[in-house]
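Trainee: pasting the sequence and the predicted coordinates here, then a few questions.
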Amino acid sequence: MSLVRLLLHSDQYNITGIVASTSYWLNGTVRPEAILNTTSVWNQVIDNLNVHSAGHFPTKGYLESIVKAGHPVYGTAVFNQTTLSFGAKHLIDVVDGLPKGDILHVQGWGGVQTLAEALKHVRSTRRPRETDDFVRHIRLYTISDQDNAGPWIRLNFPSIPYIVSIHAFNTYGEAAWIGMNGGAGSDTNLTSQSYATENFQIGPLGPYYPDIKYSMEGDTPTLLHTLVNGVNGAPEDHPEWGGWGGRYGLVDPSRQTMVYANTQDSVVGIDNKTYTTSQATIWRWRQAYQDEMSARVHWTLLSDYAAGSHPPVVSVNGSCGSDHIEFEVDPEQTITLDGSATYDSDEGLAGHGDLEYKWWQYKEVTSTMGTSAGSIPTLNFTLSDGGRVASVRLPTAEAACPPVEAVQNEGLGIQKSCHEYHIILEVKGSGTPPIWRYKRTILKVQSPIAG
């Protein structure tokens, strides 16, 4: 399931490798042929896909060239192998080829023994500084731990930013990624078999999107985290800010280890009740990520651009594109955020309506050790120009710069500061199904105390 979604969004990524690995559920077998089976029909859809994207989808030949396999052994048993697996060698080659400062996002859909194998090999064959340079390129997001290689990586390479739901082994009900398809308060109609049949299991790729056996696309939050949509994805790399792949915070604020684990968002569910859970950090976006998947499936069937649904281009205060913008503001200042330059790439096409604008405050991102989301001031928006423009008045200094007891920060590496408020402009596209895009604005309140 998740592989089909990855392929249909592959204009948004530079996919450098797809490695078949083992996991707790398939602990002695790797199946690269299953990946190649899915890519076998790629030539039947790529021309239509490229009609609808400003980016470029990878060719069938390229995709097949980057499919590799790890050793068919479970977890850290890979260290007993006498040769480097094709998957580990490819991963090392990819990282070695990255320019300084570039990032490789490794998505762990099963076990991560191939990454562990690569890291151990690099550490044992290179100088410490060279190993550090190698490791500095890597970011990792895994779907819980599905072998013992994940804990080994966290113990031996604590500087790698590592997103993971940490809980007892195999206790997946505690994981944030459950919000991809479930979670109390969420709309499970959007992740049902009937929804998949109607929206995803159509066109040449349809037969390669399997029926739901347990749940829909549990691995997908890893790739949603890096999807470029204005609220997450490159160049943004802030798990704590939240986005389609969920919101995660550092386990150790002093950064001796860079593990990011579950946080919680408070979101109004389908029954109009508020749910405060880790799963809500993902399911709050479900309508949007399912709409986009459905739109892209339909692209595979449509050779005419005018027949498809495409994303709006969001601009705030002259900043266009996926990067966030930020402003330094004073307590009680009023700031105007102008999204009127946002435009609809489908404007004028038959059957399309108007863009829909929504400004909202992502309160949970502002919460800290000393301030819960419930104590964060609510910002009020005064809208104009059909919702395209929002004026925001900042809270008082007392509310925006609360005192912090020194003992709360002792040993944690946390510095006292005023609030930073995250404002999201959410724009719903005009097509059917609509594609959603965003712009994040960060308002950094400056302390009124000189010095």
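Mentor: Sure, I can see it. Just so we're clear, the structure is a prediction, and the values are computed from it rather than from any experiment.

Trainee: how about stretch 282-294: buried residues?
Mentor: Buried residues in stretch 282-294, counted by 16 or more other CB atoms under 10 Å: 282-286, 288-294. In short, each C-beta sits where N, CA and C put it, glycine included.

Trainee: which stretches of the stretch 101-250 of the chain form strands?
Mentor: Using DSSP state E, counting those that start in this stretch, the strands of the stretch 101-250 of the chain run over residues 104-108, 138-142, 162-163, 248-250.

Trainee: is it true that T300 touches L205?
Mentor: Yes - judged on CB atoms under 8 Å, T300 makes contact with L205 at a distance of 6.1 Å.

Trainee: what residues do those two have in common as contacts?
Mentor: Contact with both T300 and L205 is made by residues 8, 45, according to CB atoms under 8 Å, 6 or more residues apart in numbering.

Trainee: return the most buried member of the strands of the stretch 101-250 of the chain.
Mentor: Sort the strands of the stretch 101-250 of the chain by mean neighbour count, taking mean count of other CB atoms under 10 Å, and strand 162-163 sits at the top with a mean of 26.

Trainee: got the contact list for that one?
Mentor: Outside of strand 162-163, the residues within contact range by CB under 8 Å, 6+ apart are 140-142, 150, 153-154, 225, 239, 245, 248, 258-260.

Trainee: now swap in stretch 258-265 and tell me
Mentor: Residues outside stretch 258-265 that contact it (CB under 8 Å, 6+ apart) are 154, 158-166, 174-176, 239-240, 242, 247-252, 276-278, 280-281, 284, 364.

Trainee: likewise for stretch 384-399?
Mentor: Contacts to stretch 384-399, defined as CB under 8 Å, 6+ apart, come from residues 329-340, 342, 356-359, 377, 379-383, 400, 419, 421, 423, 425, 443, 445, 447-448.

Trainee: quick one: end-to-end length of that stretch, please.
Mentor: This stretch, stretch 384-399, spans 27 Å end to end (CA to CA, to the nearest Å).

Trainee: and it, what's buried?
Mentor: 387-390, 392, 394-395, 397, 399.

Trainee: how close does the nearest residue to T38 once chain neighbours are set aside get to N37?
Mentor: Counting by CB to CB, 6 or more residues apart in numbering, Y208 is the residue found nearest to T38 once chain neighbours are left out, at 4.6 Å. Applying CB to CB, to the nearest Å, the value for Y208 to N37 is 7 Å.

Trainee: more neighbours, these two?
Mentor: For the pair Y208 and N37, the greater number of neighbours falls to Y208 (17 against 11), based on other CB atoms under 10 Å.

Trainee: how about the contacts made by the more buried one?
Mentor: Neighbouring residues of Y208 by CB under 8 Å, 6+ apart: 3-4, 37-38, 41.

Trainee: need the buried residues of stretch 282-294 in TSV with pLDDT and distance to S23, can you?
Mentor: Below are the buried residues of stretch 282-294 laid out as TSV (pLDDT from 0 to 100; distance: CB to CB, whole Å):
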residue	pLDDT	distance to S23
I282	98	21
W283	98	24
R284	98	28
W285	99	26
R286	98	25
A288	98	29
Y289	98	24
Q290	98	26
D291	99	30
E292	98	27
M293	98	24
S294	98	29
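
Trainee: for this structure, which spans come out with low pLDDT?
Mentor: Applying pLDDT under 70 to the chain flags residues 234-236, 368-371, 404-416, 450-451.

Trainee: who are the neighbours of the strand or helix carrying I92, in terms of helices and strands?
Mentor: Here I92, judged by DSSP states H and E, is contained in helix 86-96. Of the remaining helices and strands, those touching helix 86-96 by 3 or more CB pairs under 8 Å, 6 or more residues apart in numbering; DSSP states H and E are strand 18-20, strand 67-69, strand 104-108, helix 113-125, helix 128-135.

Trainee: hey, where'd the helices end up in the stretch 301-450 of the chain?
Mentor: For the stretch 301-450 of the chain, helices defined by DSSP state H, counting those that start in this stretch occupy the ranges 397-400, 406-409.

Trainee: endpoint to endpoint, stretch 21-34 covers what distance?
Mentor: End-to-end distance of stretch 21-34: 12 Å, with CA to CA as the criterion.

Trainee: so which bits of it are buried?
Mentor: Across stretch 21-34, burial judged by 16+ other CB under 10 Å covers 21-24, 26-27, 30, 32.

Trainee: now intersect those with the helices, please.
Mentor: The members of the buried residues of stretch 21-34 that map onto helices under DSSP state H are P32.

Trainee: of all the buried residues of stretch 21-34, which two lie farthest apart?
Mentor: By the measure CB to CB, Y24 and P32 form the most distant pair in those, at 19.3 Å.
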